[in-house]
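# Would you be able to build a 3D model of this:
(chains A and B)
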Amino acid sequence: MIKRQNKKGQAGDIIQDTVGLIVVALLLIVFFIISSAFWGFGKKEMQTITTENILQNQEHLSLYSWLQKTIEIDINGQKQEIMMADLIRLSKIDYNYKETLDQEIKKAYGNLYDYNVEAKNPEEFDILSYEIITIGGVPMILPAVKQTTGSFFYIPSNETIFVNLEILNLK
Amino acid sequence: MKNKKAGIFAVGMVLGMIIFIGIAWYAFSSTNKNINSGIEISDATNYKNLQNTFSFYMNGVAKLSSTQSFYDIAKQAAINKENSNCNVYSEKNYFMWSSDCKPEQQFIEDLFVEKYNQSFYDFLQKYPESGFESGFELQKIEYIHNLEEEIIKSTAPIKVLKTEKATAFATYNISYNLNPIINLNLSEQEIYLDDFIDIYHTTNLAVQECKEQQNPEICIKNKLNFKRWTTKIQKSSSNFIFELKTNKYFFFKDSEGRQDFKQIKLNFVMIV
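Model (predicted):
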């Protein structure tokens, strides 16, 4: 029995099959990488959210506890214990207590935090600003409400006092 | 031969696609779960922090309202101004205390709750809504105040806060039950409503015992020893003018509406 073989044709088939298999293998690798990347990014995103949450929560509780801390102050030669939140309110009434307040803030938060204590009317809390947002690859300037970052509390007074604490290295 | 190869190739392709779809599905569902749980943690923290911020503000409101109410009662010498037996001593513009016009327990307690409610409501309206708090309308919470012995209880129904979140994979609703109840112990603020009645009885007794003495002011002063008040006495014709002030400093809005931090004064004239 004589077999007639077209050697050139066989070589072509082998090359064609090999290239096909390589393409399939490459496609599988690419799909796998994309899937892993997709999966991996999800993990990273969750970790970022959780870390920010822990820090934000720690800051919030720290400020919450500090505002309730009591301090002894001198009022017309008489000692009286007041809460830190009351000292903040008092410093808005009598500017002489501002120095004591600044010292207490520095003692508690040093240079790690940026803090802000200001009296505002309720309508002044939402600040309308503008943000550049990309929609379908086209950058657009749109109005947006500027949100407060960091931890904050409000102290009731004639004008509501806003106390904001923001860790410096997160800015 | 060629058909066999094509068959193997097709099987390979199908297997490859099954593996790919499996991995892709697994990656998709895991990512969805991870992102959702991340957002849920974030929202739970935001709500808990909102509860702290609101409670802190409202506790401050309760304290300020209680001192404001105490100031308002002292300003009118703890008597019912509408009572026809109550008169004003024109020389000093002080209210005059007598057996027909004196501080009464029930009236003081009712007036305290009324003034407390006014101040509480004014401050509640000033609660700012910004950022995460927008749209929750916490200012519209309706409180009912009750004074039970030394504790003023401000109760309101639980406020359900709801938000809708949309992610790339899902849209879901989050709700949080905010408990707005506040209990304030007045004695911790050094506010004692009984003081007005004690002051009336003690000063009245001292005046009755000392009015015939040569130096009645000194005699009266020696008989008065209020723990939380300092006293000044003056004689004016047959009556005695009493000017008392608290040892403690309190926050309150004065008659011109300015926030102040001062001692609260109680001025009255005791009719002999």
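# if I look at B:Glu243, how far off is B:Arg258?
For B:Glu243, the distance to B:Arg258 equals 22 Å [CB to CB, to the nearest Å]. Where you see a C-beta, it was placed from the backbone N, CA and C, and this is true even at glycine.
# what about the two, which has more around it?
B:Glu243 (15 against 10; other CB atoms under 10 Å in any protein chain shown).
# tell me the strands in chain A, going along the chain?
For chain A, the strands defined by DSSP state E occupy A:70-75, A:78-83, A:113-120, A:127-135, A:138-146, A:151-155, A:160-167.
# Just the CA atoms from whichever helix or strand B:Lys162 is part of would do, formatted as PDB, please.
Assessed by DSSP states H and E, B:Lys162 sits inside strand B:159-166. Below are the C-alpha coordinates for strand B:159-166, written out as PDB (Å, rounded to 0.1, in the frame of the first residue of the first chain):
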ATOM      1  CA  LYS B 159     -37.100  58.700  62.900                       C
ATOM      2  CA  VAL B 160     -36.500  56.300  60.000                       C
ATOM      3  CA  LEU B 161     -33.800  57.600  57.800                       C
ATOM      4  CA  LYS B 162     -33.700  56.100  54.300                       C
ATOM      5  CA  THR B 163     -31.300  56.400  51.400                       C
ATOM      6  CA  GLU B 164     -31.200  54.800  48.000                       C
ATOM      7  CA  LYS B 165     -27.700  53.800  46.600                       C
ATOM      8  CA  ALA B 166     -26.900  52.900  43.100                       C
END
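# right, is that strand up against chain A?
No. Against chain A, strand B:159-166 shows no contacts by CB under 8 Å from any CB of the partner chain, the least distance being 12.6 Å.
# Could you tell me which strands sit next to that strand in the sheet, and their orientation?
Its sheet considered, strand B:159-166 pairs with strand B:171-178 (antiparallel) by DSSP bridges.
# The helix or strand just after the strand it pairs with pairs with which strands?
Next in sequence after strand B:171-178, counting helices and strands by DSSP H and E, comes strand B:182-185. Its sheet considered, strand B:182-185 pairs with strand B:151-155 (antiparallel) by DSSP bridges.
# residue boundaries of the strands in chain B?
B:88-89, B:94-97, B:144-148, B:151-155, B:159-166, B:171-178, B:182-185, B:229-236, B:239-253, B:259-270.
# From the contact counts, what lies against the first one?
Yep, that's strand B:88-89 we're talking about. Using 3 or more CB pairs under 8 Å, 6 or more residues apart in numbering or on different chains; DSSP states H and E as the contact criterion, the elements in contact with strand B:88-89 are strand B:94-97.
# helices and strands around the strand it packs on, which ones?
By 3+ CB pairs under 8 Å, 6+ apart, strand B:94-97 packs against strand B:88-89, helix B:194-210, strand B:259-270.
# right, so these: which one is the most enclosed?
Of these, the one with the most neighbours on average (mean count of other CB atoms under 10 Å in any protein chain shown) is strand B:259-270, at a mean of 19.
# Give me the angle between it and strand B:229-236.
40 degrees (axes from the mean of the first three to the mean of the last three CA atoms, to 10 degrees).
# and strand B:259-270 with chain A, contact?
Yes. Judged by CB under 8 Å from any CB, strand B:259-270 and chain A are in contact via B:Gln259, B:Asp260, B:Phe261.
# partners of that strand in the sheet?
Applying DSSP bridges, one finds strand B:259-270 paired with strand B:94-97 (parallel), strand B:239-253 (antiparallel).
# Please export the C-alpha coordinates of it as PDB.
Included here for strand B:259-270 are C-alpha records, laid out as PDB according to Å, rounded to 0.1, in the frame of the first residue of the first chain:
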ATOM      1  CA  GLN B 259     -26.100  84.800  74.300                       C
ATOM      2  CA  ASP B 260     -24.500  85.300  77.600                       C
ATOM      3  CA  PHE B 261     -22.600  83.400  80.300                       C
ATOM      4  CA  LYS B 262     -23.400  84.900  83.700                       C
ATOM      5  CA  GLN B 263     -24.900  84.300  87.100                       C
ATOM      6  CA  ILE B 264     -28.700  84.200  87.100                       C
ATOM      7  CA  LYS B 265     -30.300  86.900  89.300                       C
ATOM      8  CA  LEU B 266     -33.500  86.600  91.400                       C
ATOM      9  CA  ASN B 267     -34.800  89.900  92.600                       C
ATOM     10  CA  PHE B 268     -37.900  90.400  94.700                       C
ATOM     11  CA  VAL B 269     -39.400  92.500  97.400                       C
ATOM     12  CA  MET B 270     -40.900  90.900 100.500                       C
END
